[in-house]
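Novice: Need the 3D shape of this:
(chains A and B)
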There are 2 protein chains.
Amino acid sequence: MDPNDLAVERICAAEPVLIDIQSAGEALPGMQPNMILTSGPTVPFDVYSGGQRDAIVYGAMYEGLADDQNEAVDKLESGAIVVEGCHDHGCVASVAGIYTASMPVFVVENLTAGNRGFCNFYEGESRHRLNYGAYDAGVRDQLRFLEHVVAPTLRRAVRANDGVALRPLIRRALHMGDELHSRNTAATLLFGRELFPHLLADAVNSQEEARRTLEYLAASDYFFLRLSMAAGKAAADAGHGVDGSTVVTAMTIWCQGTGIRVSGLGDAWHLGPFPSAEARFFEGHTADDLEWIGGESPITETVGLGGFAQAAAFPLQNYQGGSADAMMNLNLAMYDITVAEHPHYRIPVFDYRGTPVGIDVRKVLQTGVTPVLDAGLAGKGGGQIGAGVVRMPIECFQAAAAEIEVDAHAFPR
Amino acid sequence: MDPNDLAVERICAAEPVLIDIQSAGEALPGMQPNMILTSGPTVPFDVYSGGQRDAIVYGAMYEGLADDQNEAVDKLESGAIVVEGCHDHGCVASVAGIYTASMPVFVVENLTAGNRGFCNFYEGESRHRLNYGAYDAGVRDQLRFLEHVVAPTLRRAVRANDGVALRPLIRRALHMGDELHSRNTAATLLFGRELFPHLLADAVNSQEEARRTLEYLAASDYFFLRLSMAAGKAAADAGHGVDGSTVVTAMTIWCQGTGIRVSGLGDAWHLGPFPSAEARFFEGHTADDLEWIGGESPITETVGLGGFAQAAAFPLQNYQGGSADAMMNLNLAMYDITVAEHPHYRIPVFDYRGTPVGIDVRKVLQTGVTPVLDAGLAGKGGGQIGAGVVRMPIECFQAAAAEIEVDAHAFPR
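Specialist: Coordinates of the predicted model:
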């Protein structure tokens, strides 16, 4: 079988199921109590800058590893606190990411291959969130609320439900205006509906917790993104490691640029400069305020969702700009750089054509077309300042292609 | 102001709010304990035939007005049981309709004009339902369950919530793949989410009722249709009775054909033959099985939803056939026969253009284009056998136009 076909077949065959909610320390392979995970490759602390560096420092303080920023920086520089890249621990970062050991994560198992993907929780609708490099008492209290109220309540419900199959929810949400990256409204509603009977049963004992969890779910149209990301990671990893495959299995944005992983090229990151963005900024913000502080939610595009399914989600016009025609054209262009059409994830306006899936490094170079990502955008000084359509730079793909050519006999055409 | 502009302005200005759930006997103006309401104009019982006649007889038995079909027919013929048209009592029939005094109805108030519209409850996913002319112990038990469990539970929740504003739910559902006639999946989810906190609070006292109500909601993607219909009736009635207006304010299908009401022509029905249908039938059924037994859900098209918003609901392809392009073209054609674009209800794929609203009898005749309706289809012997795109016949509009010409000085051009 063609190595690219094999890699994509494994990605598409994934059956991601939310099987549990655990702390990052319990769940993530290799996670340590003094470890902080963030976007991008694993690099020394002094390579981080700006908002991503701030977010790492804030993470150390949130976790109680340091009392203030100075102490955190000292410990991060000395190695008493360790920073590593999310992808090396089976999880993916939303914007800056920031996983600490106590944070709850979704545990998603790909029933087909048996591997797992993880993601931590959406912090809520506030524009000031740790993953956007913001930190204050409000951010801290919200993270504690997730840990102490939402996570245990949902954990009981998930266990009572014997897990939650995510593929049917994703498939259905694509028919209800979501693309599972920048729009997760329907998927969040569908997820809530599946667990509500258990919340109801639970409420007899702990009504207040159920009520607050419900309130959080109802106010968080983005909630499901983290499940989409964990499911994406579990699917993409299943396609990783196929000898000779030039299919992309991860894309990252971090404070020094971008990077991609390729199925047949091991765990190396092929790096490039920052992406470009066609953005819609929240009132009071302009392009000058934009700062790239990280982002691994493009794992959704890697598995045929997000920008690769944007024609399923025309309401994104209101959030990130553009027109329905432009969205359809951007979406259609992704068929030119992918290996297959997803057998389960389909786009109603394209008469249920499968979404384009399996980005091929060679096709990107042949066409000069790079992946489009639907993404939230962070501002200097922290916080979300807008959203837009982000274009991966060609350089990541050129860097990967160079490796492929070096070892040309391993990559049959 | 142009009479048609005035009628449509009133339709579009409607702010429908679900204020209560009551029995039909309590809520509907002029409703009597021995009265049964059905689709179409009010006519003598012996005019009804086929499945609609059966449904009326079954309604009498369900209400305990007769012990068997013979007794029911005798009493209906003698006038001991009275049959009237739904529209004469502020409500609208889904398919055959069938309102009896004990059945719960949604009470929807148009806050703008103060008038009310009503609709009874969706019976659930079974294809055998009283409103499709089917009746047995299962149909009866389900109707009793709605009356004794769902209605009181939802009533408490609706009251605790101080009512539920429907326009925001409808507006949002249009961005999530619904057109609020043949697809109500998102609106049902959004409605459920709004009431969940109250169901949760309620569950401490009556967990079993809350659980069963929730189960019904989760299994009933069509649930919201009846709220869409009541909201449509409340909006359309607000546009009725404008002197000189040729705007359609109701469309009905019944066992003898079709009919329309026109804003400036009083409460008369302008009748025509059966509509045509491009249908997708459930497996095992063909066009030969089709029987027209009623339907007033086209009140949704009357106010700019359903077939007039079908380009918001591409997933209907799976249910009623067609392609995305065909749906867009059918939807676009409705702009040629309407007076305005809805200021609140918008279609994402058309870059948020307002839905076409206010069907003008004159424009229908000028263009020869008649309204398209998304509709469920009943079979001979009862039950739903499919769904499709239904075309109103031109004759209703010709009949109305004849009245308009008779009194030409009252209808300025």
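
Novice: And the helices in chain A, which stretches?
Specialist: A:3-13, A:24-27, A:50-62, A:69-78, A:137-145, A:151-160, A:166-173, A:185-218, A:225-238, A:299-302, A:316-320, A:324-333, A:361-367, A:394-406 (DSSP state H).

Novice: Make a markdown table out of the ones you listed and add distance to residue B:223.
Specialist: For the C-beta atoms, the positions are set from N, CA and C on the backbone; glycine is no exception. Below are the helices of chain A laid out as a markdown table (distance: least, Cβ to Cβ, whole Å):
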| stretch | distance to residue B:223 |
| --- | --- |
| helix A:3-13 | 33 |
| helix A:24-27 | 38 |
| helix A:50-62 | 43 |
| helix A:69-78 | 52 |
| helix A:137-145 | 32 |
| helix A:151-160 | 23 |
| helix A:166-173 | 16 |
| helix A:185-218 | 12 |
| helix A:225-238 | 25 |
| helix A:299-302 | 31 |
| helix A:316-320 | 27 |
| helix A:324-333 | 29 |
| helix A:361-367 | 45 |
| helix A:394-406 | 48 |
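
Novice: Where do the domain boundaries of chain A fall?
Specialist: Here the domain parsing of chain A from automatic domain parsing is A:3-229, A:241-410.

Novice: Residue numbers of chain A in contact with chain B?
Specialist: A:175-177, A:185-186, A:189-190, A:192-193, A:196-197, A:199-201, A:203-204, A:207, A:210-211, A:214-215, A:218, A:314-315, A:317-318, A:323-324, A:348-352 (Cβ under 8 Å from any Cβ of the partner chain).

Novice: 7 Å instead, please
Specialist: By Cβ under 7 Å from any Cβ of the partner chain, the residues of chain A that approach chain B are A:175-177, A:185-186, A:189-190, A:192-193, A:196-197, A:199-200, A:203-204, A:207, A:210-211, A:214, A:218, A:314-315, A:317, A:323-324, A:348-349, A:351.

Novice: Residue A:228 contacts residue A:180, correct?
Specialist: Yes: with contact defined as Cβ atoms under 7 Å, residue A:228 reaches residue A:180; the gap is 4.2 Å.

Novice: Give me the common contacts of those two.
Specialist: A:170, A:187, A:300, A:305 (Cβ atoms under 7 Å, 6 or more residues apart in numbering or on different chains).

Novice: Looking at the residues you listed, which two lie furthest apart in space?
Specialist: A:187 and A:300 (11.4 Å; Cβ to Cβ).

Novice: more neighbours, those two?
Specialist: Legend: neighbour count by other Cβ atoms under 10 Å in any protein chain shown for residue A:187 and residue A:300, higher for residue A:300 (32 against 27).

Novice: my read: that one touches residue A:308, true?
Specialist: No: here residue A:300 does not reach residue A:308: they are 8.1 Å apart, not a contact under Cβ under 7 Å.

Novice: List the residues that contact residue A:167.
Specialist: A:15-16, A:344.

Novice: give the contact list for the residue of chain A most remote from its centre.
Specialist: Within chain A, the residue lying farthest from the chain centre (Cα atoms, centre = their mean) is residue A:204, at 35.0 Å. Under the criterion of Cβ under 7 Å, 6+ apart, the neighbours of residue A:204 are B:203-204, B:207.

Novice: buried stuff in stretch A:97-112?
Specialist: By 16 or more other Cβ atoms under 10 Å in any protein chain shown, the buried positions in stretch A:97-112 come out as A:97-111.

Novice: Equivalent analysis for stretch A:324-343, please.
Specialist: Quick answer for stretch A:324-343 (16+ other Cβ under 10 Å): A:324, A:327-328, A:330-331, A:333-335, A:337-342.

Novice: In JSON lines, list those residues along with pLDDT.
Specialist: Output for the buried residues of stretch A:324-343, formatted as JSON lines (pLDDT from 0 to 100):
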{"residue": "A:324", "pLDDT": "95"}
{"residue": "A:327", "pLDDT": "95"}
{"residue": "A:328", "pLDDT": "97"}
{"residue": "A:330", "pLDDT": "96"}
{"residue": "A:331", "pLDDT": "97"}
{"residue": "A:333", "pLDDT": "98"}
{"residue": "A:334", "pLDDT": "98"}
{"residue": "A:335", "pLDDT": "98"}
{"residue": "A:337", "pLDDT": "98"}
{"residue": "A:338", "pLDDT": "98"}
{"residue": "A:339", "pLDDT": "98"}
{"residue": "A:340", "pLDDT": "98"}
{"residue": "A:341", "pLDDT": "98"}
{"residue": "A:342", "pLDDT": "98"}
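
Novice: biggest separation within these, which pair?
Specialist: Maximum pairwise distance in those, criterion Cβ to Cβ, is 26.8 Å, between A:324 and A:339.

Novice: Please determine how far the spatially most central residue of chain A is located from chain B.
Specialist: The centroid of chain A falls nearest to residue A:297 when counting by Cα atoms, centre = their mean (2.4 Å). Computed as Cβ to the nearest Cβ, to the nearest Å, the residue A:297 to chain B distance reads 21 Å.

Novice: That residue reaches residue A:228, doesn't it?
Specialist: No: using Cβ under 7 Å, residue A:297 makes no contact with residue A:228, being 8.2 Å away.

Novice: Can you check which residues contact both of those two?
Specialist: Overlap of the contact sets of residue A:297 and residue A:228 (by Cβ under 7 Å, 6+ apart) consists of residue A:181.

Novice: sorry, back to before: now, of the helices of chain A, which is deepest in the fold?
Specialist: helix A:299-302 (a mean of 32; mean count of other Cβ atoms under 10 Å in any protein chain shown).

Novice: So which other helices or strands are in contact with that one?
Specialist: Applying 3 or more Cβ pairs under 7 Å, 6 or more residues apart in numbering or on different chains; DSSP states H and E, we find helix A:299-302 packed against helix A:225-238, strand A:248-254.

Novice: who wins for proximity to residue A:3 among the ones you listed?
Specialist: Nearest to residue A:3 among the helices and strands packed on helix A:299-302 is strand A:248-254; the distance by Cβ to Cβ comes to 12.4 Å.

Novice: Keeping just the C-alphas, turn the longest strand anywhere in chain A into PDB.
Specialist: Criterion DSSP state E: the longest strand present in chain A is strand A:338-347. Output of strand A:338-347 as PDB, limited to C-alpha atoms (Å, rounded to 0.1, in the frame of the first residue of the first chain):
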ATOM      1  CA  THR A 338      -4.400  16.400   0.500                       C
ATOM      2  CA  VAL A 339      -4.300  12.700  -0.100                       C
ATOM      3  CA  ALA A 340      -7.900  11.700   0.600                       C
ATOM      4  CA  GLU A 341     -11.500  12.700   1.400                       C
ATOM      5  CA  HIS A 342     -12.700  11.800   4.900                       C
ATOM      6  CA  PRO A 343     -15.100   8.900   5.000                       C
ATOM      7  CA  HIS A 344     -16.900  10.100   8.100                       C
ATOM      8  CA  TYR A 345     -16.500  13.900   8.200                       C
ATOM      9  CA  ARG A 346     -18.600  15.500   5.400                       C
ATOM     10  CA  ILE A 347     -19.600  18.900   4.200                       C
END
